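[1] can you look at this prediction? I've put the sequence above it.
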Amino acid sequence: MPEILNAGIVGYGFATKTFHAPLIAGVPGLKLAAISSSDPSKVRADWPQVPVDASPEALFSRSDIELVVIPTPNETHFPLALAALAAGKHVVVDKPFTVTLAEARRLQAEASAAGLLLSVFHNRRWDADFLTLRQVIASGELGRIVHFESHFDRYRPEVRARWREQALPGSGLWYDLGAHLLDQVLQLFGPPESISLDLAIQRDGAESDDWFHAVLRYGQCRAVLHGSALVPSPPPRFSVHGSRGSFIKFGLDAQEDALRTGRRPPAPNWGVDPLPATLTVCPDGSCRTRELACIAGNYPAYYAAVRDAIHGTAPNPVSADDAIGVIRLIELGLQSTREGRVVRVPPV
């Protein structure tokens, strides 16, 4: 059996506490070996046995750390990942990969030259609803997809004092939730022909965009990606219509809420979505509707695949190429907003 891989995490903010630390600790073959933090007491309250380093540089210099995870403010992803790669570590970067396309391509080049794994934590590929939708589309039951609508709406009227909501490079909802929705649509349909993006700041006192509406063109199909922080009564998470059927799903994947409340995988019924999807199919001109239980969500599968990729027994679960595709569309969307027009997506 392959040896245990020691992972170290930079920082102990929301993403580390909620996602990365419990997921790493719950995956066989991975060990949460160290965390760097300026506030050791916060780490020790949750992980009393995990060593705490005073700085990222101290973490990178540890000879026992093989994998470094970077769930820090978006504008720090590039310099920290660059330093970790230079120290000879495999690297996982939280989404969005980087703030700019140039930074993303530089990291890809550095990792390739060093022969190191570079992966990006696009965990929403392992949402219960997305796994189910992907299977339904692949089955052909919906026929030719003509309308794909993906919402990530929440009700968070109060602007919080955190970097995600400040006027900083890479902040705002388009970089935050838009990155999730772009990665999912790229997994389903590949790069679009064009993108149009509208951004807004709607909450009192907000400093960064808290509403976005993007339209991606795929031939006659339109993919609509929408996110907002002011939606007390959310619409469906997914509304997908094809030439022979429709898929409708309300509610967000349950794994983030489970992690927020302190549940840690593996746990009984991990990733089970209590809300079924609604599937309507019209194979012979008459339509029939039924409830469809979702496949269980599985965020730990991401880190299990990272483990296997480092051992050389599986592919990188989210490659730098994949993440570059997301950053590319984020930038083209911002260009669309600045210029007030539909922007063509050049061939890769």
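    On my side now, so go ahead.
[2] going forward, measure contacts between C-alpha atoms and count neighbours the same way
    Noted.
[3] what number of residues lie near Pro232?
    11 (other Cα atoms under 10 Å).
[4] pLDDT score assigned to the residue nearest to it when sequence neighbours are not counted?
    Leaving aside its sequence neighbours, Pro232 sits nearest to Tyr155 (Cα to Cα, 6 or more residues apart in numbering; 5.1 Å). On the pLDDT scale, Tyr155 is placed at 96.
[5] over to Met1?
    For Met1, the predicted pLDDT is 43.
[6] residues in contact with the residue nearest to Pro232?
    228-232 (Cα atoms under 8 Å, 6 or more residues apart in numbering).
[7] what segments of this protein are helices?
    14-15, 21-25, 40-46, 56-60, 77-86, 101-114, 128-139, 173-189, 255-260, 300-311, 320-339 (DSSP state H).
[8] report the separation between Val146 and Ser119.
    32 Å (Cα to Cα, to the nearest Å).
[9] more neighbours: the two, which one.
    Taking neighbours as other Cα under 10 Å, Val146 and Ser119 compare with Ser119 leading, 27 against 16.
[10] out of everything not next to it in sequence, what's closest to that one?
    Nearest one to Ser119, counting by Cα to Cα, 6+ apart, is Val92 at 4.8 Å.
[11] next, count neighbours for the one you found.
    Neighbour tally, Val92, other Cα under 10 Å: 25.
[12] so it makes contact with Val68?
    Yes - counting by Cα atoms under 8 Å, Val92 touches Val68, with 6.3 Å between them.
[13] tell me, what residue is most central in the chain?
    Nearest to the geometric centre of the chain sits His122, at 3.0 Å (Cα atoms, centre = their mean).
[14] quick check, it in contact with Val93.
    No - if you go by Cα under 8 Å, His122 and Val93 don't touch, sitting 9.3 Å apart.
[15] pLDDT value on Asn298, please?
    Confidence at Asn298, expressed as pLDDT, is 98.
[16] test my guess that it contacts Phe130.
    No - taking contacts as Cα under 8 Å, Asn298 lies outside contact range of Phe130: 10.9 Å.
[17] so where's this structure uncertain?
    Low-confidence segments of the chain (pLDDT under 70): 1-2.
[18] for Leu30, give me its contacts.
    Leu30 neighbours (Cα under 8 Å, 6+ apart): 4-7, 24, 307.
[19] now, of the residues you listed, which are buried?
    Neighbour-count burial (16 or more other Cα atoms under 10 Å) applied to the contacts of Leu30 gives 5-7, 24, 307.
[20] which among those gets closest to Thr76?
    Nearest to Thr76 among the buried ones among the contacts of Leu30, counting by Cα to Cα, is Ala7 at 19.2 Å.
[21] ok, the closest one - contacts?
    Contacts of Ala7 by Cα under 8 Å, 6+ apart are 24, 30-34, 65-69.
[22] now those residues: which count as buried?
    By 16+ other Cα under 10 Å, the contacts of Ala7 give 24, 30-34, 65-69 as buried.
[23] between these, which is closest to Ile137?
    Nearest to Ile137 among the buried ones among the contacts of Ala7, with distances taken as Cα to Cα, is Ile24, at 30.9 Å.
[24] for that closest one, give its distance to Asp284.
    According to Cα to Cα, Ile24 and Asp284 sit 48 Å apart.
[25] dump the contacts of Leu30 to a markdown table, plus distance to Val224.
    Shown next, in a markdown table, are those (distance: Cα to Cα, whole Å):
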| residue | distance to Val224 |
| --- | --- |
| Ile4 | 43 |
| Leu5 | 40 |
| Asn6 | 40 |
| Ala7 | 37 |
| Ile24 | 33 |
| Arg307 | 34 |
